[in-house]
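only geometry, no sequence info:
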């Protein structure tokens, strides 16, 4: 079956530090890959996505590249802000399989001023 | 445009009771998915409805059921509540294709006592 593994948190960084959150996946076929973010008391918001190998998704300074050879989709940001503090979820859907998302366990990011 | 609306936001029920949660998707979205979020199990897929038909189903017992109406609004029902059903239940609406963004509601926080 499909699965997503992401690094456990919490990840604690100082403002302006570089961020990497690792994500690897197992899936049959060619999944679409997503990063979602959840702020306290909120639902999930899409941060970025990539639908095929070597695609790079980017948004609000965050980037992730779909690496089929390593089955990875690591999230990076060059300079984090306090407002980036949230829980980040890596997820996939199998194309032609509806909208069933398989999520990783989530990584809590805490950014200190 | 209006986002995904889930009602109620908070609910407290007693073991053995049943509960119905409601989700109104974004206008024009025909796919509605439900997820259970708990600290221990993370985000788990319950089921997806598309055009009033269940298209995908996760690994949950038959106590968990859902339906979708002709206006795409969806309800999920949990019967014979157990303490372990305490969770945040999230609804997501999407266009048809699996590689498009899923828009999440703020969730219903269910507490079973």
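Noted; the coordinates are in hand. Since we're looking at a predicted model, the values are computed, not measured.

For the rest of this, base every contact and every neighbour count on C-alpha atoms.
Will do.

can you give me the strands for chain B?
B:5-7, B:10-13, B:19-24, B:31-38, B:42-50, B:53-57, B:64-68, B:74-78, B:87-94, B:103-104, B:108-112 (DSSP state E).

Please work out which of those is packed deepest.
Mean neighbour count (mean count of other C-alpha atoms under 10 Å in any protein chain shown) peaks for strand B:87-94 among these, with a mean of 26.

Now do the contacts for residue 56.
With no chain named, the answer covers chain A. The contact partners of residue A:56, taken as C-alpha atoms under 8 Å, 6 or more residues apart in numbering or on different chains, are A:49-50, A:63-66.

that's the wrong chain, I meant chain B
A:98, A:100, B:47-49.

If I look at it, what pLDDT would I see?
Per-residue pLDDT puts residue B:56 at 88.

which parts of chain B sit against chain A?
B:31, B:33, B:41-45, B:47-48, B:55-56, B:90, B:94, B:96-99, B:101-107 (C-alpha under 8 Å from any C-alpha of the partner chain).

need the contact list for the residue most central in space within chain B.
When C-alpha atoms, centre = their mean is applied to chain B, the residue found nearest the centroid is residue B:34 (3.2 Å). Residues near residue B:34 by C-alpha under 8 Å, 6+ apart: B:45-48, B:89-92.

6 Å - rerun?
Taking C-alpha atoms under 6 Å, 6 or more residues apart in numbering or on different chains as the criterion, residue B:34 is in contact with B:46-47, B:90-91.

beta partners of residue B:111?
Going by DSSP bridges, residue B:111 is paired in beta bridges with residue B:12.

Which one of the contacts of residue B:34 is nearest to residue A:106?
residue B:90 (15.3 Å; C-alpha to C-alpha).

Can I get the strands of chain B in a markdown table including distance to residue A:45?
As requested, these are exported to a markdown table (distance: least, C-alpha to C-alpha, whole Å):
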| stretch | distance to residue A:45 |
| --- | --- |
| strand B:5-7 | 14 |
| strand B:10-13 | 20 |
| strand B:19-24 | 17 |
| strand B:31-38 | 14 |
| strand B:42-50 | 14 |
| strand B:53-57 | 22 |
| strand B:64-68 | 23 |
| strand B:74-78 | 20 |
| strand B:87-94 | 10 |
| strand B:103-104 | 7 |
| strand B:108-112 | 16 |
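
Isn't residue A:43 up against residue B:108?
No - with contact defined as C-alpha atoms under 6 Å, residue A:43 does not reach residue B:108; the gap is 9.8 Å.

For residue A:4, state which of the contacts of residue A:56 is nearest.
residue A:66 (13.4 Å).
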